[in-house]
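Enquirer: Predicted model and sequence follow; I will ask about them next.
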Amino acid sequence: MKFSRRIHATTKPLALAVGNFDGVHLGHQAILRSTMAAARRLQLDAAALTFQPMPREYFARRQNNPALAPARLMSVSEKLTAFAEAGLAHVFVPRFDERFSRQTPIDFLESLRSANVRWMMVGDDFRFGAKRIGDVALMRQFGAAHGIEVETMSDVVTGEGNVRVSSSAIRQALAAGRIRDAAEMLGRPYAITGRVTHGKKLGRTLGFPTANIALSGRKPALAGVFAVKCKLVTRGLEGVAELGKVDVGVTLDGVANLGTNPVVSSESRQHLEVFLFDGSGDLYGRRVQISFFEKIRDEQNFASLDALVTQMHDDTARAKKILSRVNDDGSAKKGLQEHP
């Protein structure tokens with residue numbers, strides 16, 4: 001898969017999926033499958049166009065109001081991994097900045113025509129151009145005049161209540177601690193991928209050594225203490241084949257704290273710390289994926305470190321019970337009922 005920071009023509013004409021794709025949830029996956037199918041049918045290259053930062057993030061920064069920015073379900077690198085797994089040949093990630101935000105809808109569509117787009121798909125509520133005045137009707141009109149077939153994806157629903165799958169609905173589910181609802185809309189457990197960094201190492205002195213995962217300025221969609229699984233997704237920074245007892249693809253069970261950790265820190269910045277039940281080997285500098293399976297509790301203050309240790313023992317016992325019943329993909333283990 002080829003990646004570019006600008007929209008440009010490629011060797012072959014394109015079938016293009018357009019959107020933010022935050023989370024690459026079931027609705028996004030349906031768009032990507034349709035794009036792949038169209039590319040095969042029309043003998044085009046399959047591609048995706050997304051934006052960095054996301055438009056709402058950009059406008060939140062411009063207004064100096066970080067609270068307006070949505071929580072991130074995925075980093076750009078996680079999104080690119082999902083696109084590659086979908087089989088796309090090209091991904092365009094232009095910088096969404098002042099100049100991009102001021103494009104007229106026609107200017108945006110002309111950039112796609114110049115990139116030799118012959119087929120494209122968006123969500124049926126897609127808006128674009130300055131002040132979001134461009135819509136699907138304009139896109140279809142432009143496409144008809146310039147030989148570009150435009151398709152839209154209707155809502156994808158899930159659950160007993162026929163909940164519309166969307167990035168916003170997933171953020172709401174995660175914030176409310178409804179981890180399984182989020183997983184159902186994603187089609188997989190919610191996960192955060194990051195590099196293991198050095199922390200304060202207080203957990204080690206308490207008998208709970210943790211791996212600290214860099215969030216790189218990311219605004220997480222959830223907070224609290226969770227039952228998790230950790231998978232190593234790359235080797236060390238220098239490509240070392242084996243460090244300690246953990247190698248690429250190995251999955252370890254654990255309990256994670258995602259938040260400000262008020263007991264040991266006065267910082268408002270959020271941290272992700274994971275205690276792995278079977279030890280972590282030497283994970284420093286290595287990239288891991290932390291998958292969330294169930295929320296155990298909210299973050300809380302403790303009167304003493306002894307009280308914290310007592311709670312951590314309880315959290316560990318609960319997490320082990322939860323994780324003993326689920327496979328790595330979130331499905332219940334055969335012959336076992338899911339944890340209530």
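Expert: The structure has been received and is ready for your questions.

Enquirer: what does stretch 213-220 rub up against?
Expert: Contact partners of stretch 213-220, identified using CB atoms under 8 Å, 6 or more residues apart in numbering, comprise 66, 69-72, 75, 192, 194-197, 258, 270-274, 288, 290. C-betas here are computed from N, CA, C, even on glycine.

Enquirer: now these: which count as buried?
Expert: Buried members of those, scored by 16 or more other CB atoms under 10 Å, are 69-72, 75, 192, 194-196, 258, 270-274, 288, 290.

Enquirer: Enumerate every residue touching Val288.
Expert: Contacts of Val288 (CB under 8 Å, 6+ apart): 193-196, 211, 213, 230-233.

Enquirer: so what's the residue lying closest to Leu186 once chain neighbours are set aside up against?
Expert: Nearest-residue entry for Leu186: His25, 5.0 Å, with adjacent residues in sequence omitted and distances by CB to CB, 6 or more residues apart in numbering. Contacts for His25 (CB under 8 Å, 6+ apart) come out as 165-167, 170, 185-187.

Enquirer: repeat for Thr10
Expert: Applying CB under 8 Å, 6+ apart, the residues contacting Thr10 are 2, 45, 47, 89-90, 115-116.

Enquirer: so which of those is the most crowded?
Expert: Among the contacts of Thr10, the one with the most neighbours (other CB atoms under 10 Å) is Ala47, at 28 neighbours.

Enquirer: re earlier: show me the contacts of stretch 213-220 that map onto strands.
Expert: Among the contacts of stretch 213-220, the subset assigned to strands under DSSP state E consists of 192, 194-197, 258, 271-274, 288, 290.

Enquirer: can you give me the strands in the stretch 51-200 of the chain?
Expert: For the stretch 51-200 of the chain, the strands defined by DSSP state E, counting those that start in this stretch occupy 90-92, 117-123, 149-153, 157-158, 163-164, 190-197.

Enquirer: what lines up beside the third one in the sheet?
Expert: Spelled out, it's strand 149-153. Strand pairing for strand 149-153, determined by DSSP bridges: strand 117-123 (parallel).

Enquirer: counting contacts, what elements does the longest helix anywhere in the chain pack onto?
Expert: Secondary structure assigned by DSSP state H gives helix 305-323 as the longest helix of the chain. Using 3 or more CB pairs under 8 Å, 6 or more residues apart in numbering; DSSP states H and E, the elements in contact with helix 305-323 are strand 224-232, strand 251-259, strand 287-297.

Enquirer: one more time with 10 Å
Expert: helix 202-205, strand 224-232, strand 251-259, strand 271-276, strand 287-297 (3 or more CB pairs under 10 Å, 6 or more residues apart in numbering; DSSP states H and E).

Enquirer: got the angle between that helix and strand 287-297?
Expert: Counting by axes from the mean of the first three to the mean of the last three CA atoms, to 10 degrees, helix 305-323 lies at 100 degrees to strand 287-297.

Enquirer: buried sites along helix 305-323?
Expert: Applying a neighbour-count criterion of 16+ other CB under 10 Å, one finds 308, 311-312, 315-316, 318-319, 322-323 buried in helix 305-323.

Enquirer: Stretch 82-96 now?
Expert: Quick answer for stretch 82-96 (16+ other CB under 10 Å): 82-83, 86, 88-94, 96.

Enquirer: In a helix, Phe302, correct?
Expert: No - read with DSSP: H, G, I helix; E, B strand; the rest coil, Phe302 is coil and lies in no helix.

Enquirer: so it sits right up against Asn261, yeah?
Expert: No - using CB atoms under 10 Å, Phe302 is not in contact with Asn261; the gap is 11.0 Å.

Enquirer: Which pair of the ones in strands among the contacts of stretch 213-220 spans the longest distance?
Expert: Farthest-apart pair in those is Arg195 and Leu258; separation 15.9 Å (CB to CB).
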